[in-house]
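A.B. asks: Quick one, structure for this:
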Amino acid sequence: MLRVGLTGGIGSGKTAVSNLFASHGVPIIDTDVIAHDLVDNNHHILVEISDTFGTDILTTDGDVDRKKLAQIVFNSKKNKQLLERILHPKIETEVKHQLQVLDSRQNPPEYAIVVVPLLIEAGYQGLIDRILVVIADEQVRIQRVQRRDHRSKKEIRAIISQQVDDNKRNSEADDIIENNCDIKILEDQVKNLHNKYMRLSDELR
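C.D. replies: Below is the predicted model of the structure:
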């Protein structure tokens, strides 16, 4: 089974791209979904996060207040690294598990998409065969995140500044999808790559 790592900066449209691959029947492993599940449902991680960042990041129900945690993390590189040390090893373990489950099927899929926003930063290259990078103009990305998350431009730029820059990300890419606006162009790019990955999967056999 071919393993394709999908990455890109905040607001580039990784979810839109992964949804289009899913429409072709491709299994998607999303590390953001895994991270949310760990934070919401793993008591040990909840305790570790609150011990690290203080109980102020908890809601009255004792859950993590994502907005407060995000403000703390994205305003400090040190805090970002602390959170990554808590979550990344556990996320990587779950990604490996999900890949093994797919691979052990009687009829495994030709390929799978692993969505990793911090693929380059966190060193996930060893888990995948190819890197697919989604790119978009910075202003487009900022507008998307403003609409989606209701963050200020200052907050969004702070997040962008903590991520690997586009040049570094693109230099690591095996494939690149441009996602500025046109959904039809995006659909065509995904379809072309789907066909390519199906061919590459056959060649691996």
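A.B. asks: Quick check: next helix or strand after the longest helix belonging to the chain?
C.D. replies: Using DSSP state H to define each element, the chain has its longest helix at helix 77-103. The first helix or strand that comes after helix 77-103 along the chain, using DSSP states H and E, is strand 111-115.
A.B. asks: what's that following strand in contact with?
C.D. replies: Applying CB atoms under 8 Å, 6 or more residues apart in numbering, the contact partners of strand 111-115 are 1-7, 14-15, 18, 21-22, 26-32, 95, 99, 102, 124, 127-128, 132, 197-198, 200-201. Bear in mind the C-beta positions are built from the backbone N, C-alpha and C, glycine included.
A.B. asks: List the buried residues for stretch 158-173?
C.D. replies: Neighbour-count burial for stretch 158-173 flags 158, 159, 160, 162, 163, 164, 166, 169, 173 (criterion: 16 or more other CB atoms under 10 Å).
A.B. asks: Make sure the first one is actually in contact with residue 73.
C.D. replies: Put plainly, it is residue 158. No - with contact defined as CB atoms under 8 Å, residue 158 and residue 73 do not form a contacting pair (10.1 Å).
A.B. asks: just the helices in this structure please.
C.D. replies: Counting by DSSP H, the helices of the chain are 14-23, 31-41, 43-53, 66-74, 77-103, 119-122, 138-149, 153-162, 166-172, 183-204.
A.B. asks: just checking, what packs against the fifth one?
C.D. replies: I take that to be helix 77-103. For helix 77-103, the contact count by 3 or more CB pairs under 8 Å, 6 or more residues apart in numbering; DSSP states H and E identifies strand 28-30, helix 31-41, helix 43-53, helix 66-74, strand 111-115, helix 119-122 as packing neighbours.
A.B. asks: redo that, cut-off 10 Å
C.D. replies: Helices and strands touching helix 77-103, as assessed by 3 or more CB pairs under 10 Å, 6 or more residues apart in numbering; DSSP states H and E, comprise strand 2-8, strand 28-30, helix 31-41, helix 43-53, helix 66-74, strand 111-115, helix 119-122, helix 153-162.
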